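Sequence first, then the predicted structure, then my questions.
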Amino acid sequence: MTEDDQTDEISQIEDRIERLAEVAERCRKYILASKIAIGGGGALLLFAILGLLGAGQTAALGSIALVLGGIVSLGSNVSTLRQTESAIGDAEALRSQLIGRIDLRVVADAPMKLV
């Protein structure tokens, strides 16, 4: 494998890492929204049970649906986030391995930058 091929492969891996990072960030946002839905549904259920809302049965059913939907969404996104973070770790390890194979050389004749 030539150095150009390795450089191209490193670039592709870096692009993959960026895409996976975007997926992970999206999962984190959905996880936060799921937690808010679970908390909001629980509070709404408590209000419905205590009779603080006018439509008790409708609010209770809606809050139960909100809590269950939040739990399902939370579980799904947590597992997706774990898989994505694992894939990011694998890609970073492969990238480091490829970078380690490149014969890097120090450029000694380069002029010093003035700061």
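Right, received. Where do you want to start?

switch to C-alpha atoms for all contacts and neighbour counts from now on
Noted.

Show me where this structure has its strands.
Secondary structure of the chain by DSSP state E: no strands are present.

contacting residues for the residue nearest the centre of it?
Compute the mean C-alpha point of the chain, and by Cα atoms, centre = their mean the closest residue is Ala24, 1.4 Å away. Contacts for Ala24 (Cα atoms under 8 Å, 6 or more residues apart in numbering) come out as Leu81, Thr84, Glu85.

hmm, 6 Å instead?
Leu81 (Cα atoms under 6 Å, 6 or more residues apart in numbering).

Check the gap between it and Gly51 for me.
Distance, Ala24 to Gly51, by Cα to Cα, to the nearest Å: 40 Å.

count of neighbours near Asp103?
When neighbours are defined as other Cα atoms under 10 Å, Asp103 has 7 of them.

any idea how far it is from Asp5?
13 Å.

again with Arg105
As judged by Cα to Cα, Arg105 and Asp5 stand 18 Å apart.

so where do the helices sit in the chain?
For the chain, the helices defined by DSSP state H cover 3-50, 56-101.

the inter-axis angle of the first one versus helix 56-101?
Meaning helix 3-50. 160 degrees (axes from the mean of the first three to the mean of the last three Cα atoms, to 10 degrees).

Could you pull up the mean pLDDT of helix 3-50?
For helix 3-50, the mean per-residue pLDDT is 91.

roughly how far is it from the heart of the chain?
Computed by Cα atoms, centre = their mean, to the nearest Å, the chain-centroid distance of helix 3-50 equals 3 Å.

Same check on stretch 64-82?
In terms of Cα atoms, centre = their mean, the gap separating the centre of stretch 64-82 from the centre of its chain is 14 Å.

Including distance to Lys113, could the helices of the chain go into TSV?
Below are these laid out as TSV (distance: least, Cα to Cα, whole Å):
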stretch	distance to Lys113
helix 3-50	26
helix 56-101	26
